[in-house]
Structure formats: C-alpha cells, structure tokens
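**Student:** I need the structure of the sequence given here:
(2 chains)
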Amino acid sequence: MKEIRVRFAPSPTGPLHIGGVRTALYNYLFAKKNNGKFLLRIEDTDQNRYVPGAEKYIIDALKWCGIEYDEGVGIGGPHSPYRQSERKHLYFEYAEQLLNEGKAYYAFDTPEDLDSMRERLTAKGVATPQYDYLSRYEMKNSLVLPADEVEQRIKNGDSYVIRCLIPADREIIVNDLIRGEVIVHSSKLDDKVLFKSDGMPTYHLANIVDDHLMEITHVIRGEEWLPSAPLHVLLYEYFNWQAPEFAHLPLLLKPDGNGKLSKRDGDRLGFPVFPLRWIDPKSHEVSSGYRESGYLPDAFINMLALLGWNPGTAQEIFSMDELIQAFSIDRVGKHGSKFDPEKAKWFNHHYLSSLRDIDIARLLEEQVLGKGISTEINYLVKVAALIKERATLIPDLWEQASLFFIDPVSYDEKVKTKVWRPDTPQMLQSIIDFISFQEDLSLEVFEPALKDFIHQSGLNMGQVMNTLRLALVGSAFGPGIAGIISVLGKERTIERIRNLMTKA
RNA sequence: GGUCCGUUCGUCUAACGGUUAGGACGCCAGGUUUUCAUCCUGGUAAUAGGGGUUCGAUUCCCCUACGGACUACCA
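**Tutor:** Have a look, this model is predicted:
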C-alpha cells in the first residue's frame, strides 16, 4: 500500500493560532496513526504579506507542542526545498502546460478593468459578478485578443496573469472524508488566477503542484478551503494527476458571539489564541501565548485534540501517543467548535497536578530564582508536594508557594479580629514550647502529635489552627498547618509565631 | 446578495432507526479539608421549527429559521 503523506502548509503571515495548531495536530496524528509522513511546507507566495519571524514562530510552536515533522523547512527532505518562494522556478512550466493545452489563458486586465467589469455586471443585476464563462470574452485576454497581439504584449513586457479556464457546464464533485460528496457546478466558479504578474504562482497552483510533487496522499485543512476545493479537483484533472483525498476540518469559533477565531482576536477575549507569545514586529503589540501563560504543552494538545474530534469513548485524558492510537478522521465532527477557555484550564490543572514532585519543584525553582530568592531542590520538592494540586497554571505555583519563602508582611484584619483573644499570646507561647521540644517534624509524626497536644491542653482546635495560620501565612489560605510547619521547620515557624505576637 | 457547509444541555460532545437522550467543563448543593483550593457525592440543563418516510425518527428526506465559510493578481 502507498505510504500515507500529509502536510501542514501555513503561510508565514503571522503567528499560528490555535486553529492552525489543531490542523497541524490532526495532520500529525493522522500520519503517525497510519505510519505515514508529516511534512511542513511554508507557503510564502505572497511577498506583500510576508511577516518576519512568522516562519520561525511556526517552527517553534510546533516544537513546543511536540508535533514533529518528518520533512520540511528547517530539516529538509527528499523534496527540498519546502519553502515555496525557493521553488519559484518550478511553477511556471505547469502554468505553461495548461496554457498549451488550452486549459488556461493569459489575461492582461488592469485592476481598473476588473473593477469596471464587476460594476458593469452588478449594474446588469448579475448576482455574482466575476471573471467567468460569461464575462471572460469581454475582457483583455488571450481568448479574445488576436494571437499576434498577445505575443506582442508579452514581448513588450506587459504585465499579465494566467487564469484557469473553467468549463461552463460541469458538475465538479469533491469527495470529502468528513463531509461526503460536495457537488458544485462549474458555472459558479470563476477563472481563478493561477500565476500572478509578479512571477509567483497563487496558492491554488503552487498548492496543487507541490502536493503532487511531494506525493501528498491526504489534504487535511481548514473548512475555509472547501469553496476552492472544486477548483483544486479540476486542476488535478487538468494535469491528469491522481488527486489526494480531502478532509476539510470544521473551524474553531470565537467563544463569544460569532465567527471563526482569528489571529486578530489576540487577547481581546481574555485568553491566548496563540501557542507562544507573539510580538508584532511592526506595531510591537504583544499577544500572549499558552506557553507563557503557564500551560503545559501536553495539556494544551490534549485540549485541542478534543475540540472537533472525539474517541467515541469516555476517555478525555490522552497523551500524544494515546492520541495517535485513538485518532481517526471519521470521528472528526462536521460543525465548528467554540473554544472554551475554562476547559483548557481544567486540562492544565489535571496535567499539572499529575506531575511528579520533582518536576513541579523544577518549575517552581525557575520562579523562585526569578524572584531573587535562593533555594535548594530538596526544599522545593517538599513544597511541591504540598502545593501541586492547588495550582491551575504554572505561575500559580509561586502564588501557592510564596509563603514558604517569604514571611508574612501583614495580617489579614478579618482573620485577626476573628481569632484574636486576650489569652492568645499565652496559647501561642505554649505552642512554641511544644514545637521546640519536637524532634521529628515529618508530617506523619508531627501532625498527630500537634493535635494530641491541642486536645490535651484543652485548647480549641479551630482557634489554635486558625491563629497559627494567621502567624504562618498571614491569612486564611494555604495548605494544612502541620504540613506548613513540617516544611518550614522549627526555627522559621517559631520566628513567625513570635512575629505575630509582637506585631499584633 | 450568490455558492457551499453546518445545527443534541451555556460550552465540548456520545447515542446499528427502538436509551429514563449518556459523559466532560461550567454552574448550584452537600461532604472531606477545623482555612482556601483540590478532591468526592448529588443536582441543574439539550435533540432549532414545520412537514414527510416509518410500527417507531436525535438519527433518513424536504422546507423554513439560525449560524458559519467563501465570494482578491491573500493564503
């Protein structure tokens, strides 16, 4: 059987948004599931829209996500180069072939010509004014101009484009793996430009030529391409090439209102739409990324995979390998999905709290050092064990852990008025005495010992605990008291209790 | 406007033409944690509307409504 080959072919016009990442992911999963190859091709045929840094961003983003490609920009492969601008010389001959076979033609119309054509048609009441079987014979192209004039114009260096000659009366059938048969009448299609006057192919030509040359077997792309799929099918037919299978993915929609999620949504919606932070090279506007916001790549990918695809079972937590095993195109839904930032958080909390203490400790280490506080890994591991289930995003780790590194600078007034009594200082002193005599502060030993002591001293458990919390944390917040003391150690605990006694 | 695609709880979704329409997130309540969070248990909530076909329709067909994509010498 023929090897499965798929590609992700973004254009470097800016950062990849989560919809693009999902498209890449589904391509990747499909390839791996079928022991095939996944390619990264950069479609940079529009010089005007080129954005510096975008290509690097795309590569970095895929890498962060753990989506590895077998061939493509940056790593090369048997069909190098994988950047369309570097394949520029390839495309003209294919356009020429269609020209010679009467399946395409030269067009010399200026933008003004095109505008007036549309105006004329609109005035006549034509519903879809376009360059097609009705209007093409009233334009300046090689179908109407005498052959010698065409030749002369080209010789003169007149600017021209090459347009595809769409048949007037054909049913074009697109077989889509997700949508089934989509039938479009050729009269609804326009004579799309295949080759631009700047010497570059358009998407339509370059895409078909490269997919063919790169032996792509399955084209998995966003639904926004469905309307041009009939043109692509026709082009494969014109070239007499075997067309790949198509799968048009439903779009990711904005969680508020309507419309597809777009790069321009940036941070407007209160959550990142990009995998990594992006700083616009022109405006210097910063758009946040999932990585910088504190999401784990595994959680991000897991969340994205389930947006538009489901395994048909109740399983929701998938590693990349499990996704590869479970993935299939026919369980991809047909309708667009609104992205839910809350669910993304839930996934991240799940992944974060399932990490080993040592991994949490390393994440925490970075943040602690970033605050200019020196620490050591054994201490961090102990802290990690206490806080990991309390954090949703990576930065929450510091929020939860700061009490282990910084003494309270103030005390929550509400808590204070609630717990403070005239005899509180004596009570705290007795606790200090008790702690001073403890030899083993490990949680297993110390926690029951502390409780025993409180009982035996006839003290009120809630009263003591809440006061201790005020002393140790400064507010009603944080892990269990015994755990905090166990990690903080004898000296720091006593010092904090004394602080409360003097300041209160 | 035209072409094409779509429509199950608020959201992501499941359901050979036969289910009390299931799960997850969120939300609400209770429990655990003598704090907060986590966690556990329970609850809330949906087949867009109208016609067919059928013994039987979330499922098949048609119409309507609504949503979306596309409609460039952009991808």
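**Student:** please make it C-alpha for all contacts and neighbour counts, starting now.
**Tutor:** Fine.
**Student:** residue contacts, whichever residue of the stretch 301-450 of chain A sits closest to RNA strand B?
**Tutor:** Nearest to RNA strand B in the stretch 301-450 of chain A, going by Cα to the nearest atom of the strand, is A:G308, at a distance of 2.9 Å. A:G308 makes contact with A:P250, A:V332, A:G333, A:K334, A:H335, A:G336, A:S337, according to Cα atoms under 8 Å, 6 or more residues apart in numbering.
**Student:** narrow those residues to those that are buried.
**Tutor:** When those are checked for burial by 16 or more other Cα atoms under 10 Å, the buried set is A:P250, A:V332, A:G333, A:K334, A:G336, A:S337.
**Student:** closest to A:E224 out of those residues?
**Tutor:** A:P250 (8.5 Å; Cα to Cα).
**Student:** check what pLDDT the residue of the stretch 301-450 of chain A closest to RNA strand B gets.
**Tutor:** For A:G308, the model assigns a pLDDT of 95.
**Student:** ditto for A:V419
**Tutor:** A:V419 carries a pLDDT value of 89.
**Student:** okay, now it: neighbour count?
**Tutor:** Using other Cα atoms under 10 Å, A:V419 has 17 neighbouring residues.
**Student:** isn't it right next to A:M465, touching?
**Tutor:** No - using Cα atoms under 8 Å, A:V419 is not in contact with A:M465, being 9.6 Å away.
**Student:** just the element for A:I162, please.
**Tutor:** Per DSSP states H and E, A:I162 falls inside strand A:161-164.
**Student:** buried residues, stretch A:366-376. List them.
**Tutor:** Within stretch A:366-376, the residues that count as buried by 16+ other Cα under 10 Å are A:Q367, A:V368.
**Student:** now swap in stretch A:345-357 and tell me
**Tutor:** By 16+ other Cα under 10 Å, the buried positions in stretch A:345-357 come out as A:K345, A:F347, A:N348, A:H349, A:H350, A:Y351, A:L352, A:S353, A:D357.
**Student:** wait, what's in contact with the second one?
**Tutor:** By Cα under 8 Å, 6+ apart, A:F347 lies in contact with A:A299, A:F300, A:N302, A:M303.
**Student:** now for the first one: which residues touch it?
**Tutor:** Put plainly, it is A:A299. A:A344, A:F347, A:N348, A:H350, A:Y351.
**Student:** re the thing from before, the strand holding A:I162 pairs with which strands?
**Tutor:** Strand pairing for strand A:161-164, determined by DSSP bridges: strand A:104-107 (antiparallel), strand A:193-195 (antiparallel).
**Student:** is that strand anywhere near RNA strand B?
**Tutor:** Yes - using Cα under 7 Å from any atom of the strand, strand A:161-164 reaches RNA strand B at A:V161.
**Student:** do stretch A:343-363 as well
**Tutor:** Yes - for stretch A:343-363, a contact with RNA strand B is found by Cα under 7 Å from any atom of the strand, at A:K343, A:W346, A:H350.
**Student:** how about those residues in a markdown table, adding pLDDT and secondary structure?
**Tutor:** Supplementary listing: the residues of stretch A:343-363 next to RNA strand B in a markdown table, determined by pLDDT from 0 to 100; DSSP: H, G, I helix; E, B strand; the rest coil:
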| residue | pLDDT | secondary structure |
| --- | --- | --- |
| A:K343 | 95 | helix |
| A:W346 | 97 | helix |
| A:H350 | 97 | helix |
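**Student:** of these, closest to A:N141?
**Tutor:** A:K343 (54.7 Å).
**Student:** surely that closest one touches A:F300?
**Tutor:** No - with contact defined as Cα under 8 Å, A:K343 does not count as touching A:F300 (10.3 Å).
**Student:** more crowded one of these two?
**Tutor:** Counted by other Cα under 10 Å, A:K343 and A:F300 do not tie: A:F300 has more neighbours, with 20 against 11.
**Student:** got phi/psi on that one?
**Tutor:** phi -60, psi -50 (degrees, to the nearest 10).
**Student:** cool, A:K338 as well?
**Tutor:** Per-residue torsions, A:K338: phi -80, psi 130 (degrees, to the nearest 10).
**Student:** hey, what's it bridged with?
**Tutor:** In this entry, A:K338 is beta-bridged to A:L253, by DSSP bridges.
**Student:** distance of A:I360 from A:R179?
**Tutor:** Using Cα to Cα, to the nearest Å, A:I360 is found at 44 Å from A:R179.
**Student:** between those two, who's got more neighbours?
**Tutor:** Higher neighbour count among A:I360 and A:R179: A:I360, with 22 against 16, using other Cα under 10 Å.
**Student:** any idea which helix or strand carries the more buried one?
**Tutor:** In this assignment (DSSP H and E), A:I360 forms part of helix A:357-370.
**Student:** and the next helix or strand after that helix with helix A:357-370, angle?
**Tutor:** The helix or strand immediately downstream of helix A:357-370 is helix A:377-387, counting by DSSP H and E. Angle, helix A:377-387 to helix A:357-370, by axes from the mean of the first three to the mean of the last three Cα atoms, to 10 degrees: 110 degrees.
**Student:** packing partners for helix A:377-387?
**Tutor:** helix A:357-370, helix A:394-401, helix A:481-488 (3 or more Cα pairs under 8 Å, 6 or more residues apart in numbering; DSSP states H and E).
**Student:** could you pull up the contacting residues of the residue most central in space within chain A?
**Tutor:** Closest residue to the average C-alpha location of chain A: A:I18 at 3.0 Å, with Cα atoms, centre = their mean. Counting by Cα under 8 Å, 6+ apart, A:I18 makes contact with A:V273, A:F274, A:P275, A:L304.
**Student:** counting neighbours, what do you get for the closest residue to the last one other than its chain neighbours?
**Tutor:** Translated: A:L304. In space, A:L304 comes closest to A:R22 once its chain neighbours are excluded; the distance is 6.1 Å by Cα to Cα, 6 or more residues apart in numbering. When neighbours are counted by other Cα under 10 Å, A:R22 registers 24.
**Student:** what does the pLDDT read for A:R22?
**Tutor:** Listed pLDDT for A:R22 reads 98.
**Student:** helix or strand for it, which one?
**Tutor:** Secondary structure assigned from DSSP H and E places A:R22 in helix A:18-33.
**Student:** would whichever helix or strand comes after that helix count as contacting RNA strand B?
**Tutor:** Moving toward the C-terminus from helix A:18-33, the next helix or strand (DSSP H and E) is strand A:37-40. No - Strand A:37-40 stays clear of RNA strand B (Cα under 7 Å from any atom of the strand), getting no nearer than 12.3 Å.
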